[in-house]
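Colleague: What follows is a predicted structure for the sequence shown.
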Amino acid sequence: MHPKHVPDPAPPPPAGPLSSAYLAQLLDAVEQAVIATSPRGEIVFWNRCAERLYGWRADEVLGRDVVEVVPSEMSREQAGELMERLRAGERWEGEFAVRRRDGSRFHAWVADVPVLDDEGRVMGIVGVSTDLTSHVETQDALVRAEGEARRERERLWSVFRHSPAALALVRGPRHVFELANASFVRLVQREVGGQAVADAFPELAGQGIAALLEDAYRTGRAQVGIERKVQLAGRGGEVADRIFDFTFQPLPEPDGRTEHILIQLSEVTGQVHARRGAESALRAADEANRAKSQFLANMSHELRTPINAITGYAELLELGIGGSLTAQQRHQVERIRSSSQHLTTLVNEVLDLAKVESGQMTAERERVPVADVLAEALTLVQPQAARRGLRLADTTSDARDAAFVGDGDRVRQVLANLLSNAVKFTEPGGRVSVCASVTDEPDGDARLPGAGPWVRIDVEDTGMGIPPERLSTIFEPFVQVDDSFTRQTGGTGLGLTISRRLARLMEGDLTVRSTLARGSCFTLWLPAAPETEPGHAGRRWPRAPYELPGLGEVGRALTRVAEPVAEELGRRLAEDPALPSANRTDRVQLQDHTTTFLVEIGLAMVTLDEAGGEPALMRDGTEIQRVISERHGSQRARLGWSEDELRHEFQVLADVVVPLVRAEVRARAAGEVDVDSALGVLERLLQQAETVSLRGYRNAVQRQ
Ligand code: ADP
């Protein structure tokens, strides 16, 4: 009851008939509209609730026709008829829509009761109406909610039925199928409704499926099968191996128990077979690739032996060891030698590529100073650049002391290849430069797995450049932009392929930028090495391959006298007035270098002589001589020697070595030996060493 309408505390009811004021207060307290009319329908009483419900004040409606004031959905006739019946003393009640003063409608429950006098004549009518709005709204909402729930159920059922996923619902400890959608029936090729799993699928016995269902039922935890092989009967009863992914998902009841399990099934037989096929094809391809690489490795090895012999013998012929040559013969021998050198390069590169591709190529992970490899690579191409009249420069400025993590030999190989390309593809008068720097931000086209920082080494030339559309293909095997040009200059089209693979093997990359007719810039990216104590070179000193088979007489003699030669050389140099006075340390250092170096020359000669020696060792030997000679040159530069003094030193070495070797051969040789020719080869090798030393010397001077 609304407090506003609580009547003042009622006075005690007077004895005898109640006063009309008392009755009016009483009726005002009622929470229903009470309207009293005369038998003709004129309003004679209109309580507070009627005022609120219909929006009219009592003084506005008293005396007016109730049908006018409270119009209803009843027609006038119906209303008239109702009044007639009331006047006749009948009671009426019912629900109908009525209108408020403001025109809005609401549902009312109305009870009309005739009021009779003592003689039973109708003296008026009392109507009591109740607002049913909230009741009706609740009723409507209930109906709507039920409809919604029904539609929701229908939707879910429709999703379940039409789902492309095979779904079924089983119930109870025997797992009886309550529902199974069309996809499920199609997949298992049988009707299952109402049957227990064990009855619907007798062939599953002993396959562990029932145990999984049981687990799901018992534990309430989902059980999942992935790519599970199941033997399932087809329509005709024949049992076949099929592969399924499935889930047994328990659906908890409100009390937490599991009663239902949702089975979701999908067949993956086709996919699994296809994938396994692809995997085995891939394995076979890998196998074939490895076999191919192995074949190439073997072939390269087999090829290199005779090619080395051809090169070696051509060199011997050129040296006139087998007698002097005519100009024409010399020219032809030179052709043999250069062709076989080209072949050697090709074979070596094919072997390298095969190794990288088959994952057999490994790279050291050492800290290598950039300056070292740059100097070595520059030394290698110096003669080639000089022949072509090109300027060769190292423009590295602040990264002089930088170092990378990788394999020094491989990096030198890459740089030598880039530099020799730059020299090859640049016209005389042009310029080839290298520049190393350290950066945290590599170019966008560099594919670098690490987090940086990186050492970048740019090899730039002012040459012919590369057309933009060829920039990506030049890293593919055997691709050359202009093969007619390459026919003149040599080259295999493998250098860049190998170089990029090597760079990536060391977790770096090789990229290129180029403008046609302006020049190219190849950039080698390598992981930068963290700084360590200065002066730590971190480079392995190449060790000599001493276990060579038979050596030529002279080569053998040279290895035997290497030590006495080195000692004698040290002694002479110390006393030589033409040289800066060498202190003891210098002498020891020099002697060490010289002994190793002479032994290596001896070994190389033996290999050359026998041509059947291990060619890889022959290569290593030459490599070691190169490194020793070069270091020797740079050491002399550090000691402040001049170029002339270095040349003089080699002259002294030749003076010492030739008679000692000659004496040794004479003393030991069993059969006929052409000592002079063999010594000619030795002298030639010493000349080469001198050239390399001079390069090392010049580089060191440049760096100082
Ligand atoms: P090769 O030099 O043995 O032919 P590479 O793989 O080293 O093989 O190089 C492939 C091709 O890329 C070369 O034939 C040449 O057409 C092009 N190329 C490489 N370096 C340069 C350069 N510095 N300037 C112009 N073209 C180059």
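Modeller: Right, received. Where do you want to start?
Colleague: before we move on, which element is Ala663 in?
Modeller: Using DSSP states H and E, the element containing Ala663 is helix 643-668.
Colleague: and if you look at Glu460?
Modeller: Counting by DSSP H and E, Glu460 is part of strand 454-461.
Colleague: Model confidence for the residue in the stretch 101-250 of the chain that the ligand sits nearest to, exactly?
Modeller: Across the stretch 101-250 of the chain, the shortest distance to the ligand (Cβ to the nearest ligand atom) belongs to Glu227, at 45.7 Å. C-beta here means a position set from N, CA and C on the backbone, and glycine is covered the same way. Here the pLDDT value assigned to Glu227 is 92.
Colleague: roughly how far is the strand holding Glu460 from the heart of the chain?
Modeller: How far strand 454-461 lies from its chain's middle: 26 Å, per Cα atoms, centre = their mean, to the nearest Å.
Colleague: What of stretch 19-35?
Modeller: 87 Å.
Colleague: hang on, the earlier thing: ok, residues contacting the strand holding Glu460?
Modeller: With contact meaning Cβ atoms under 8 Å, 6 or more residues apart in numbering, strand 454-461 is reached by 370, 374, 399, 402-404, 415, 418-419, 422-423, 425-426, 430-440, 442, 448, 508, 519-528.
Colleague: Among those residues, which ones are in strands?
Modeller: 403-404, 431-439, 519-527 (DSSP state E).
Colleague: Quick check: nearest residue in space to Gly172, chain neighbours excluded?
Modeller: Spatial nearest neighbour of Gly172, excluding adjacent residues (Cβ to Cβ, 6 or more residues apart in numbering): Glu259 at 6.6 Å.
Colleague: Now do the helices in the stretch 551-700 of the chain.
Modeller: In the stretch 551-700 of the chain, the helices defined using DSSP state H, counting those that start in this stretch lie at 553-575, 584-610, 615-638, 643-668, 675-703.
Colleague: Comparing these, which yields the minimum mean pLDDT?
Modeller: Minimum mean pLDDT among the helices of the stretch 551-700 of the chain: helix 615-638, a mean of 64.
Colleague: which helices and strands sit right next to the longest helix seen in the chain?
Modeller: Counting residues, the longest helix in the chain under DSSP state H turns out to be helix 269-318. In this structure, helix 269-318 makes packing contacts with strand 239-252, helix 327-357, helix 584-610, helix 615-638, judged by 3 or more Cβ pairs under 8 Å, 6 or more residues apart in numbering; DSSP states H and E.
Colleague: Go again with 7 Å.
Modeller: Judged by 3 or more Cβ pairs under 7 Å, 6 or more residues apart in numbering; DSSP states H and E, the packing partners of helix 269-318 are strand 239-252, helix 327-357, helix 615-638.
Colleague: By mean pLDDT, flag the weakest helix or strand of this protein.
Modeller: helix 483-489 (a mean of 58; mean pLDDT, DSSP states H and E).
Colleague: Now find how far off-centre the helix or strand following that one is within its chain.
Modeller: If you walk from helix 483-489 toward the C-terminus, the next helix or strand you reach (DSSP H and E) is helix 495-505. Offset of helix 495-505 from its chain centre (Cα atoms, centre = their mean): 21 Å.
Colleague: could you say what helices and strands helix 495-505 packs with?
Modeller: By 3+ Cβ pairs under 7 Å, 6+ apart, helix 495-505 packs against helix 327-357, helix 408-424, strand 509-515.
Colleague: Which of these has the highest mean neighbour count?
Modeller: helix 408-424 (a mean of 24; mean count of other Cβ atoms under 10 Å).
Colleague: Can you check what angle separates that helix from strand 431-439?
Modeller: Counting by axes from the mean of the first three to the mean of the last three Cα atoms, to 10 degrees, helix 408-424 points 140 degrees away from the direction of strand 431-439.
Colleague: near the ligand, anything from helix 408-424?
Modeller: Yes. Judged by Cβ under 6 Å from any ligand atom, helix 408-424 comes into contact with the ligand at 417, 421-422.
Colleague: got JSON lines for these, with pLDDT and distance to Asp112 too?
Modeller: As requested, the residues of helix 408-424 next to the ligand are exported to JSON lines (pLDDT from 0 to 100; distance: Cβ to Cβ, whole Å):
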{"residue": "Asn417", "pLDDT": "92", "distance to Asp112": "113"}
{"residue": "Asn421", "pLDDT": "92", "distance to Asp112": "113"}
{"residue": "Ala422", "pLDDT": "95", "distance to Asp112": "115"}
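Colleague: how about a markdown table for the residues you listed, with distance to Leu62 added?
Modeller: Converted to a markdown table, these look like this (distance: Cβ to Cβ, whole Å):
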| residue | distance to Leu62 |
| --- | --- |
| Asn417 | 117 |
| Asn421 | 116 |
| Ala422 | 117 |
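Colleague: between those, which is closest to the ligand?
Modeller: Distances from the ligand to the residues of helix 408-424 next to the ligand, taken by Cβ to the nearest ligand atom, are shortest for Asn421, at 3.4 Å.
Colleague: what sits against the closest one?
Modeller: Gly495 (Cβ atoms under 7 Å, 6 or more residues apart in numbering).
Colleague: returning to what we had before: give the burial count for the residue nearest to Gly172, as a bare number.
Modeller: Neighbours of Glu259 under the rule other Cβ atoms under 10 Å: 14.
Colleague: cool, and Asn181?
Modeller: Asn181: 20 neighbours (other Cβ under 10 Å).
Colleague: gap between it and Ala402?
Modeller: Distance of Asn181 to Ala402, given as Cβ to Cβ, to the nearest Å: 68 Å.
Colleague: that older thread, drop anything exposed from the contacts of strand 454-461.
Modeller: Buried residues within the contacts of strand 454-461, counting neighbours by 16 or more other Cβ atoms under 10 Å: 370, 374, 399, 402-404, 415, 418-419, 422-423, 425-426, 430-438, 442, 448, 508, 519-528.
Colleague: about what we covered before: strand partners (parallel or antiparallel) of the strand holding Glu460?
Modeller: Strand 454-461 sits in its sheet next to strand 431-439 (antiparallel), strand 519-527 (antiparallel), going by DSSP bridges.
Colleague: coming back round to it: buried ones in the helix or strand harbouring the residue of the stretch 101-250 of the chain closest to the ligand?
Modeller: In this structure, Glu227 is located in strand 223-233 according to DSSP H and E. Using 16+ other Cβ under 10 Å as the test for burial, strand 223-233 gives 223, 225, 228, 230, 232-233.
Colleague: Tabulate these (a markdown table), appending distance to Arg571.
Modeller: Formatted as a markdown table, the buried residues of strand 223-233 follow (distance: Cβ to Cβ, whole Å):
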| residue | distance to Arg571 |
| --- | --- |
| Gln223 | 89 |
| Gly225 | 86 |
| Arg228 | 85 |
| Val230 | 90 |
| Leu232 | 94 |
| Ala233 | 99 |
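Colleague: Quick check: the farthest pair among the residues you listed?
Modeller: Using Cβ to Cβ, the pair of the buried residues of strand 223-233 lying farthest apart is Gln223 and Ala233, separated by 22.5 Å.
Colleague: Would you mind naming what in the stretch 451-600 of the chain lies close to the ligand?
Modeller: Residues of the stretch 451-600 of the chain lying near the ligand (Cβ under 6 Å from any ligand atom): 461, 463-466, 474, 479-482, 486, 491-497, 520.
Colleague: how about 5 Å then?
Modeller: Contact residues, the stretch 451-600 of the chain versus the ligand (Cβ under 5 Å from any ligand atom): 463, 466, 474, 480-481, 486, 491-493, 495-496, 520.
Colleague: top of these by neighbour count?
Modeller: Ser520 leads these on contacts (other Cβ under 10 Å) with 24 neighbours.
Colleague: who touches that residue in this structure?
Modeller: Contacts of Ser520 (Cβ under 7 Å, 6+ apart): 461, 463, 465-466, 512, 514.
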